[in-house]
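In: sequence below, structure please.
(one chain, ligands or ions: 1)
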Amino acid sequence: MHFAMKSSTSHRWAIAIHGGAGTIARDASPERRRAYLEALEKALAIGRDILASGGTSLDAVEQVVRAMEDDPLFNAGHGAAVNRNGEYELDSCIMDGRTLATGAIAAVRHVRNPISLARRIMEDGEHVLIAGPGGDEYARQAGLETVENSYFFTEDRHQRWQRLQQHQLGRHRAGVEAGVVERGTVGAVAVDCDGNIAAATSTGGLTNKLPGRVGDSPLAGVGTYANNATCAVSCTGNGEDFIRNTVAFRVSAGMEYKGLSLDVATEAVITRLPAESGGLIAVDRHGNLSLPYNSVGMNRGAADSTGRFQVAIWDW
Ligand code: ASP
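Out: Numbers count the residues shown, from 1 in each chain. The predicted model follows:
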């Protein structure tokens, strides 16, 4: 794998990742907890290695999210949440804080790594967001790997979906509260040693969602946002709450219009969301990281050029 290398090391690099809010139950087996923590460490190490060797924040967030899409533990790519028809539809977005360039896809069914399609759309530059069969076709024409929809199946998510239906819990939030549904959207935000920031998010969406439902993740300014002037943000949680509250751009706006610090800006937004909505990860160009959530926990990790390298599900 080739990454663009930069010579300057004047800025402090930093990266935060998430693997979903809501997470595994507190009484999950030690093996299951360890599996999640190890998966987070593995993904975080990919981003750290790219940034520490002078790579760009865009490469870091794309490669971290790709790895998490391939990991069946997370609700993105292989391991995506099951929709009401027992199928899989994927949403993803990537954004470049230097230029506000954005690429996103919604409700695609055959793209193995949705984040790389999002990046391709961003780099092609004609459109920002492509949904449905047009997204799958775009991937084929771009020569990206496409798969049968059943590629995204995992036994664990399928069983949870069936239990959700048996309990007639219906709504995703009820399933989360009953511990039947584990979330697990993935995302990454990073600043590189040139001070450029980027964000990426990828998800299978909410368990038992209606076919065609699109969440916050692929929406620039809602579930994903990056602007060198302020911050990069990637969100996870109940997408409808995040859409209604324009979460990612509000964090940026708090910094830009009110001069808030990253931490104050993220807290101000998270505390205004309905209880148990979820959380977000954010980075500013100085390498400050913020990872607040109002859910029971959030799978997450943080690393930077001072040597920080931490993953957690509940408290750090
Ligand atoms: N935010 C995602 C969605 O609503 C789901 C999640 O983060 O768990 O599609």
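In: let me see the mean pLDDT of stretch 140-150.
Out: Per-region confidence: stretch 140-150 scores 98 on mean pLDDT.
In: how far is that stretch from where the chain is centred?
Out: Centre-to-centre, stretch 140-150 and its host chain are 21 Å apart (C-alpha atoms, centre = their mean, to the nearest Å).
In: which of the residues in that stretch are buried?
Out: 144, 146 (16 or more other C-beta atoms under 10 Å). Where C-beta positions appear, they are placed from N, C-alpha and C, glycine not excepted.
In: distance across that stretch, terminal residue to terminal residue?
Out: Distance between the two ends of stretch 140-150: 17 Å, counting by C-alpha to C-alpha, to the nearest Å.
In: which residues touch that stretch?
Out: Applying C-beta atoms under 8 Å, 6 or more residues apart in numbering, the external contacts of stretch 140-150 come out as 87-88, 109-113, 116-117, 120, 136, 139.
In: strands along this structure, start to end?
Out: Counting by DSSP state E, the chain has strands at residues 14-21, 90-96, 101-108, 129-131, 186-191, 197-203, 224-226, 231-237, 278-284, 289-290, 298-304, 309-312.
In: what is the last one packed up against?
Out: Meaning strand 309-312. Using 3 or more C-beta pairs under 8 Å, 6 or more residues apart in numbering; DSSP states H and E, the elements in contact with strand 309-312 are helix 30-52, strand 298-304.
In: around the ligand, pick out the residues from the stretch 51-200 of the chain.
Out: 75, 183, 185 (C-beta under 6 Å from any ligand atom).
In: please convert the residues you listed to TSV, extending it with distance to Gly132.
Out: Below are those laid out as TSV (distance: C-beta to C-beta, whole Å):
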residue	distance to Gly132
Asn75	20
Arg183	23
Thr185	20
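In: Pro72 touches Gly79, doesn't it?
Out: Yes - between Pro72 and Gly79 there is a contact under C-beta atoms under 8 Å: 3.8 Å.
In: more neighbours: which of these two?
Out: Gly79 (22 against 18; other C-beta atoms under 10 Å).
In: ok, back up a step: among the contacts of stretch 140-150, which ones are in helices?
Out: In helices, judged by DSSP state H, the following of the contacts of stretch 140-150 are found: 116-117, 120, 136, 139.
In: out of these, who's the most crowded?
Out: Neighbour counts for the ones in helices among the contacts of stretch 140-150 (other C-beta under 10 Å) peak at Leu117, which has 28 neighbours.
In: separation between that residue and the ligand?
Out: Counting by C-beta to the nearest ligand atom, to the nearest Å, the separation of Leu117 from the ligand is 17 Å.
In: so that residue is in contact with Gly134, correct?
Out: No - taking contacts as C-beta under 8 Å, Leu117 lies outside contact range of Gly134: 11.2 Å.
In: what about the stretch 101-250 of the chain, any weak spots by pLDDT?
Out: Residue ranges of the stretch 101-250 of the chain with pLDDT under 70: 167-182.
In: rerun that using 90 as the cut-off
Out: Within the stretch 101-250 of the chain, the segments meeting pLDDT under 90 span 156-157, 159-184.
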